[in-house]
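>>> Sequence first, then the predicted structure:
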Amino acid sequence: MAVSRIGWMAVGWLVCGSAFAQSFPVIDLSAGIRRIEAEVAATQKNRMQGLMNRLSMATNHGMLFVFASDDRHCMWMRNTLIPLSVAFLDAAGKIINIEDMQPRTENNHCAARPARYALEMNLGWFRQHGIGADAPLSGLEKAPPPQ
């Protein structure tokens, strides 16, 4: 009887936990010959959630933040458990600057000039692939419009 109770509690926890899981649309981007599978945070709710509370992210996967206007947007890592690098991009998809971010910190990491997008990848991804400032990303036109 106790085992079935524990089993039902686990099922209940999984069901409740999935109610809090957020689903993001996914698009393919490319940086040179590198393909990126990017979840898209185009709504205020999704941008606020971002990659918080995730334990890992697959290789060549990331999250694209789509903003309604060009601005000096900033990112931070509250409740984010994995180290990340963020590339800030202009409206044409060209990288403005890249910042490395450590888990569970509240330091601001900001665009060096007005940006329309931010792309978070696993820490060091851009450096490992020789991708830096002024590099273009393609596929941004597939992103849903910001809300």
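Okay, I see it. Numbers count the residues shown, from 1 in each chain.
>>> quick one: P114 and F67 touch, right?
No - assessed by CB atoms under 8 Å, P114 is found out of contact with F67, at 9.6 Å. C-beta: built from backbone N, CA, C; applies to glycine.
>>> Please tell me how far the residue nearest to A115 when sequence neighbours are not counted sits from M63.
Using CB to CB, 6 or more residues apart in numbering and skipping residues adjacent in sequence, the residue nearest A115 is F88, 4.0 Å away. From F88 over to M63 the distance is 13 Å, taken as CB to CB, to the nearest Å.
>>> swap in N122?
Per CB to CB, N122 is found 11 Å from M63.
>>> In terms of neighbours, single out the busier of these two.
Per other CB atoms under 10 Å, whichever of N122 and M63 has more neighbours is M63, with 23 against 18.
>>> Can you list the strands that the helix or strand hosting that one pairs with?
Under the criterion of DSSP states H and E, M63 resides in strand 61-71. The strands that strand 61-71 pairs with in its sheet are strand 34-41 (parallel), strand 115-122 (antiparallel) (by DSSP bridges).
>>> next one: the last one to chain centre, how far?
So the one you mean is strand 115-122. Strand 115-122 has its C-alpha centroid displaced from the chain centroid by 7 Å (CA atoms, centre = their mean, to the nearest Å).
>>> and if you look at the first one?
Relative to the chain's own centre, strand 34-41 is displaced by 8 Å; criterion: CA atoms, centre = their mean.
>>> Pull out the buried residues from stretch 116-130.
Residues of stretch 116-130 classed as buried by neighbour count (16 or more other CB atoms under 10 Å): 116-123, 125-126, 129.
>>> Would you reformat those as JSON lines and include distance to N46?
Formatted as JSON lines, the buried residues of stretch 116-130 follow (distance: CB to CB, whole Å):
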{"residue": "R116", "distance to N46": "16"}
{"residue": "Y117", "distance to N46": "14"}
{"residue": "A118", "distance to N46": "13"}
{"residue": "L119", "distance to N46": "14"}
{"residue": "E120", "distance to N46": "13"}
{"residue": "M121", "distance to N46": "17"}
{"residue": "N122", "distance to N46": "20"}
{"residue": "L123", "distance to N46": "22"}
{"residue": "W125", "distance to N46": "21"}
{"residue": "F126", "distance to N46": "22"}
{"residue": "H129", "distance to N46": "26"}
